[in-house]
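Enquirer: Coordinates for the following, if possible.
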Amino acid sequence: MSSTHPTNITTEWDDLQRKHGNLPKIVPQKTSEQESCELVEALEFKLLREARLARLKKQMAQTGPIYAAPVSVTIENFVKEVTEASKCPQASDESLQIAGGIYIPVLLLHDGPDKPLLKQGWQQLSRRYPRVKFTMGSAMQILKSSTPNVSAPSSILLYFGGTCILQKCASAALEVHGYDYATRDIIDRVADAMEIILNSVPGHVALSLQDSDSDDSNLDDENERRDGCSKMLEKLGISSSDRCYTLSFSRATRL
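Expert: As a prediction, the model looks like this:
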């Protein structure tokens, strides 16, 4: 009989064969106490998993759609994706449901040397605020210049409640290349400038920290970054008042 497993009857020959690996080792039998502990652990794991899934579903329902990338707009869907969408809150999160509508930033790009940098800065900003619906399209297609034979430049627009409350030449965001943030690359600095421009409309805060993906430990750094960029924009004389262009598909509608 095995001395280590008294309930398992074996012969000396079997023990010798197991010693030399010719027979499989006897699996220790679990006690009722061990089986009970394993059952409790499995049940606890299942309950924790269900609780986490329920919490995740609740968070997703509260935050509404997650974009994290610009939505493409064209002359055909601009009214639906921007004008009409800014009237009715689509997210169930109350932080995004401001009385009167929701903010929808728009970047309209003109083909030129600055286009890649502006596009990357806009994409960076959309990742910074994944719950905000950033949109992007062609300035030549969507905007119409009042001056003959002059194409509309790359422009930053901000819609709220079905109305364009900001129109700014996007090149203003490139004026901050030299501001003193040695640890931040050009794309981050352009995104910073775009963020401040979108928040430059009196009485409006299009992009707030509660909509960003930054945790509480980084809020001081975020505030410091915003203050620095805002001061630089003020020195450069950047304001929300700029020359306006009309929508090319509606001559009577001023932005």
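
Enquirer: going forward, measure contacts between C-alpha atoms and count neighbours the same way
Expert: Will do.

Enquirer: Output stretch 185-197 as PDB, restricted to C-alpha atoms.
Expert: Output of stretch 185-197 as PDB, limited to C-alpha atoms (Å, rounded to 0.1, in the frame of the first residue of the first chain):
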ATOM      1  CA  ASP A 185       6.200  67.800 -30.600                       C
ATOM      2  CA  ILE A 186       4.700  69.900 -33.300                       C
ATOM      3  CA  ILE A 187       1.600  67.800 -33.700                       C
ATOM      4  CA  ASP A 188       0.800  68.200 -30.000                       C
ATOM      5  CA  ARG A 189       1.400  71.900 -30.200                       C
ATOM      6  CA  VAL A 190      -0.900  72.300 -33.200                       C
ATOM      7  CA  ALA A 191      -3.600  70.300 -31.400                       C
ATOM      8  CA  ASP A 192      -3.100  72.600 -28.400                       C
ATOM      9  CA  ALA A 193      -3.700  75.700 -30.500                       C
ATOM     10  CA  MET A 194      -6.700  74.200 -32.200                       C
ATOM     11  CA  GLU A 195      -8.200  73.400 -28.800                       C
ATOM     12  CA  ILE A 196      -7.700  76.900 -27.600                       C
ATOM     13  CA  ILE A 197      -9.200  78.300 -30.800                       C
END
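
Enquirer: Could you list the buried residues of that stretch?
Expert: 186-197 (16 or more other Cα atoms under 10 Å).

Enquirer: Confirm residue 166 sits in a helix?
Expert: No. Counting by DSSP: H, G, I helix; E, B strand; the rest coil, residue 166 is not found in a helix; it is strand.

Enquirer: who's it bridged to?
Expert: Note on residue 166: beta-bridge partners residue 158, judged by DSSP bridges.

Enquirer: Pretty sure it sits against residue 159.
Expert: Yes. Using Cα atoms under 8 Å, residue 166 makes contact with residue 159 at a distance of 7.2 Å.

Enquirer: if we can go back for a sec, which of the buried residues of stretch 185-197 fall in helices?
Expert: Among the buried residues of stretch 185-197, the members found in helices (DSSP state H) are 186-197.

Enquirer: which one of those sits closest to residue 38?
Expert: residue 188 (50.7 Å; Cα to Cα).

Enquirer: hang on, isn't that closest one packed against residue 124?
Expert: Yes. Between residue 188 and residue 124 there is a contact at 7.2 Å, judged by Cα under 8 Å.

Enquirer: Is it correct that residue 67 is in contact with residue 130?
Expert: Yes. Assessed by Cα under 8 Å, residue 67 is found in contact with residue 130 at 5.2 Å.

Enquirer: who's more crowded, those two?
Expert: Remark: of residue 67 and residue 130, residue 130 carries more neighbours, 19 against 15, as counted by other Cα atoms under 10 Å.

Enquirer: And the strands in the stretch 51-200 of the chain?
Expert: 71-72, 103-109, 135-138, 143-144, 155-160, 163-169 (DSSP state E, counting those that start in this stretch).

Enquirer: what angle sits between the second one and strand 155-160?
Expert: The reference is to strand 103-109. With axes from the mean of the first three to the mean of the last three Cα atoms, to 10 degrees applied, the angle from strand 103-109 to strand 155-160 works out at 160 degrees.

Enquirer: CA atoms of strand 103-109 as CSV?
Expert: Taking C-alpha atoms only, strand 103-109 is exported to CSV below (Å, rounded to 0.1, in the frame of the first residue of the first chain):
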residue,chain,number,x,y,z
TYR,A,103,-20.7,71.2,-29.9
ILE,A,104,-19.5,69.8,-33.2
PRO,A,105,-16.0,71.0,-34.3
VAL,A,106,-15.3,71.1,-38.1
LEU,A,107,-12.0,71.2,-40.0
LEU,A,108,-12.3,72.0,-43.7
LEU,A,109,-8.9,71.5,-45.4
